[in-house]
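Student: coordinates only, sequence not included:
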């Protein structure tokens, strides 16, 4: 239903939520099993030194192929990456006017094209991260949300950069149980180091903790906590200090949240009211806009526009209304009926890159139609049969359907 970046919907029930529970839940859960005094099976409390840097761990067995040839990109040009069906070994870099300006070619067909940094200086293939000049930066990425400096990631991992997720302890010779385990926010430089920021909750087996906005420019990150398919909490943290700046619990009908790259605006999508409420965190979370009958999929980088889509079709690959709306006026400048669509954002601009697959289940790889939609609605076709790298922190699929006709917010 959703993607690596969760998004949430405004609901009438919004109350302040203090993160006092951080660091306590895991201990309480284990206390019933093995005591809370560091006894057998109890994970020790982890408290890194302020400003600590952890090395980016690598496994000697990990590797990834290198390009066999390439065309260098012009200096200072932001790009997006695609793989064309005509030559699936070649990764093509295009500027935001739709012109091919460089490429990397591999010995075998490219599989698993993933996310890219905002300016395209880094691009993911599988678990490997490549620089735009063809260097292998890291071969063991494990998720994360790109920061707006295009160099760092915000990640949610366990203590000492342990893999994300609930941990298990052995409480007897024949019994292993899952326990609540701390979730930490990190600012990471892929291939080099990770800086722990603060604990942002606890992992469980029924939910997730995700970063929807990571901004070194504004020194803030937006983090969401989910349970099953619902967003339950939205929090904003100061990256330099770990200070909790804002936090709110939301209702069980909130299923997605996106934010502007700097975390100023957050859009909360609510299936109960059938629409989106946009909040302005620069002004204590006040309501900036309400959208009825449609959901925000992404904000433009400059915060002037929103990409929206209607409820998910039935079947799920059926087209739904996708639109670009100007936030200041609410005017729709472009709209089309599209199946679930990949999304990327023009850095420092207002354009959206869309990758639209055929309207059919189980479609072939490299079958997307890729085009740019400008902030004023102008469309530039880039490729007809292709695959594209996507932005992190935005919805990459159509969101859930709703039967509600209630009012949002």
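Tutor: On my side now, so go ahead. All values reported here derive from a predicted model rather than from experimental measurement. Numbers count the residues shown, from 1 in each chain.

Student: buried residues of stretch 150-160, list them for me.
Tutor: 150, 151, 152, 153, 154, 155, 156, 157, 158, 159 (16 or more other CB atoms under 10 Å). Where C-beta positions appear, they are placed from N, C-alpha and C, glycine not excepted.

Student: make that stretch 183-201, sorry
Tutor: Residues of stretch 183-201 classed as buried: 183-191, 194-201 (neighbour count, 16+ other CB under 10 Å).

Student: closest one of the buried residues of stretch 150-160 to residue 222?
Tutor: Minimum distance to residue 222 across the buried residues of stretch 150-160 is 9.4 Å, recorded for residue 154 (CB to CB).

Student: ok, for that closest one, nearest residue in space, not its chain neighbours?
Tutor: Leaving aside its sequence neighbours, residue 154 sits nearest to residue 214 (CB to CB, 6 or more residues apart in numbering; 3.5 Å).

Student: report the beta-bridge partners for that neighbour.
Tutor: In this entry, residue 214 is beta-bridged to residue 221, by DSSP bridges.

Student: wait, doesn't it sit right on residue 151?
Tutor: No. Here residue 214 lies out of contact with residue 151, judged by CB atoms under 8 Å, at a distance of 11.2 Å.

Student: just the strands in the stretch 201-350 of the chain please.
Tutor: 207-215, 220-227, 230-238, 244-249, 254-259, 265-270, 275-280, 286-292, 295-299, 305-309, 320-326, 332-338, 342-345 (DSSP state E, counting those that start in this stretch).

Student: how about the secondary structure of residue 165?
Tutor: coil (DSSP: H, G, I helix; E, B strand; the rest coil).

Student: quick thing: my sequence starts at 587, can you match it?
Tutor: With 587 as the first residue, the last one maps to residue 751.

Student: gap between the spatially closest residue to it that is not a sequence neighbour and residue 842?
Tutor: Excluding its sequence neighbours, the residue lying closest to residue 751 (CB to CB, 6+ apart) is residue 789, at 5.4 Å. Per CB to CB, to the nearest Å, residue 789 is found 20 Å from residue 842.

Student: more neighbours: those two, which one.
Tutor: Set residue 789 next to residue 842 and count neighbours by other CB atoms under 10 Å: residue 842 wins out with 30 against 22.

Student: wait, the more buried one sits on residue 857?
Tutor: No. Applying CB under 8 Å as the test, residue 842 and residue 857 come out as separate, 9.3 Å apart.

Student: pull up the distance across stretch 904-924, start to finish.
Tutor: Stretch 904-924 has an end-to-end distance of 8 Å (criterion: CA to CA, to the nearest Å).
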